[in-house]
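K.L.:
Next comes the sequence, and after it the predicted model I'd like to discuss.
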Amino acid sequence: MKIINFFSNQLVLFSVFLISTIPFVSKCSPRQENHQNDDEQDNQEHQDPRINKIITSEPWQNYKQIWIELDEKRNFFSDSVSIYDFNNYSSYDTFYQRLDTVMIEFEQMEEQGLLNPLEVEIFDKIAQSRIKYQSGYLHMVRMMPAPLEYQKEAILNRMDARIDTLIGLRIKKIITEEMAESLLANILLDLERFVYMDAVATADQGYYFYDIYLETIPDFDRQLDLFEAKFDSLRDSGLIEDSVYQNYLVSIDEIRQKIDTLDTVLNRMEPLFRDLVNYQTGL
């Protein structure tokens, strides 16, 4: 049951509680050093003219400046923990206002064909989540780790229970088919946001943002197979009507297509994620 994790604001295709940020510590592990070497090569050899135009654009530099200043809003008292210096709401709110301005600029770049709507939404939610997370008191350094394995399983079990409850309400005709479809759509959106978190997080203890980690997506795809088998069983038992069953299958198929899109988009965005943290790595 390796499925992915968390977030709540609706992202173009799905909601996002999103990852906030990326740690960088002075003592690099071999894994980090390998990533840095890869980054050097990537930065020297951007083959995509679109990426070059984005990275050198004023809106991107404005976005990156927000990211840098968020890093400066912290006071270290150990290697692993920091307190963020958001002393009042106005300081906190100023970042949101600046982010809104940058998002307008990104939308203009979208009209020019340099960014697509999903990329704009991803950058918006990443920054929003990071501002919100860092406005708290005590946090791990520039990082928001994914839920632990047992938490993922608990989340999945709750999702499963929600589907059971929904089907039970429909069987008893307490809710209409339209209401059932709407509620199911909300559950499926919750499933998608798990995909998003783990796709942007990394396999390491540090959850380095610029290492896009996509290997858990196949596990999610297998989980969809389990849900599909659950619907098969319910239909075969006569507990759901065939028309409802077909709608479930269509919804699951749509999620699979969105996962494929997300995989492609995140891979294409990886040079931008790398550039976002390069000022920290010294590349």
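P.N.:
That came through, no problem. Numbering: from 1, shown residues only.

K.L.:
for the chain, what's the longest helix?
P.N.:
Criterion DSSP state H: the longest helix present in the chain is helix 242-281.

K.L.:
list the helices and strands that one packs on?
P.N.:
helix 30-44, helix 49-55, helix 58-72, helix 117-134, helix 177-200, helix 217-236 (3 or more CB pairs under 8 Å, 6 or more residues apart in numbering; DSSP states H and E). In this view, the C-beta of every residue, glycine as well, is placed from N, C-alpha and C.

K.L.:
And for the spatially closest residue to Trp60 that is not a sequence neighbour, the neighbour number?
P.N.:
Distance criterion CB to CB, 6 or more residues apart in numbering; nearest residue to Trp60, sequence neighbours excluded, is Ile54 at 5.3 Å. Each residue near Ile54 was counted by other CB atoms under 10 Å, and the total is 22.

K.L.:
Distance of Ile54 relative to Ile122?
P.N.:
Distance of Ile54 to Ile122, given as CB to CB, to the nearest Å: 13 Å.

K.L.:
can you check Ile252 too?
P.N.:
23 Å.

K.L.:
and these two? which has more neighbours close in?
P.N.:
Higher neighbour count among Ile252 and Ile122: Ile122, with 24 against 17, using other CB under 10 Å.

K.L.:
Quick check: that one touching Glu270?
P.N.:
No: the criterion here is CB atoms under 8 Å, and Ile122 misses it with Glu270 at 11.9 Å.

K.L.:
which ones are touching the residue nearest to Trp60?
P.N.:
Trp60, Met109, Leu114, Leu115, Leu272 (CB atoms under 8 Å, 6 or more residues apart in numbering).

K.L.:
Turn those into a markdown table, including pLDDT and neighbour count.
P.N.:
Below are those laid out as a markdown table (pLDDT from 0 to 100; neighbours: other CB atoms under 10 Å):
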| residue | pLDDT | neighbour count |
| --- | --- | --- |
| Trp60 | 96 | 22 |
| Met109 | 95 | 18 |
| Leu114 | 93 | 18 |
| Leu115 | 93 | 25 |
| Leu272 | 84 | 19 |
